[in-house]
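**Student:** A predicted structure for the sequence below; I have some questions about it.
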Amino acid sequence: MPLSRIPKTSIKRLINSRGSVRLTDKAAESISTMLEAKARKIAKYALLEARKNGRKTILKEDIDAYRLKFGD
């Protein structure tokens, strides 16, 4: 499994904020990897949307377009 760039401590903090629950390092790494993969998909789609509209800059509307299309 590739090393994710989203810190495990941030994932653990996020999960812990939902209730007093512990998370192993491997579980945090797994969530981190999943989130990074999802972020890559969103970024790829948003970039295509920006280019389709003649821009080099991704806007919030490009990100929102992903959510509207895929329901995430």
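**Tutor:** Received, thanks. Small disclaimer: the values here were computed from a predicted structure and weren't measured.

**Student:** looking at this protein, which residue lies furthest from center?
**Tutor:** Gly54 (24.8 Å; C-alpha atoms, centre = their mean).

**Student:** Okay, and Arg18 sits in which element?
**Tutor:** Of the helices and strands defined by DSSP states H and E, none includes Arg18.

**Student:** Quick one: list the elements packing against the longest helix along the chain.
**Tutor:** When the chain is parsed with DSSP state H, its longest helix is helix 25-52. In terms of contact count using 3 or more C-beta pairs under 8 Å, 6 or more residues apart in numbering; DSSP states H and E, helix 25-52 is assigned the packing partners helix 8-16, helix 60-70. Quick note: C-beta positions are derived from backbone N, CA and C, even for glycine.

**Student:** If you count neighbours, what's buried in it?
**Tutor:** Neighbour-count burial for helix 25-52 flags 28-33, 35, 42, 45-46, 49-50 (criterion: 16 or more other C-beta atoms under 10 Å).
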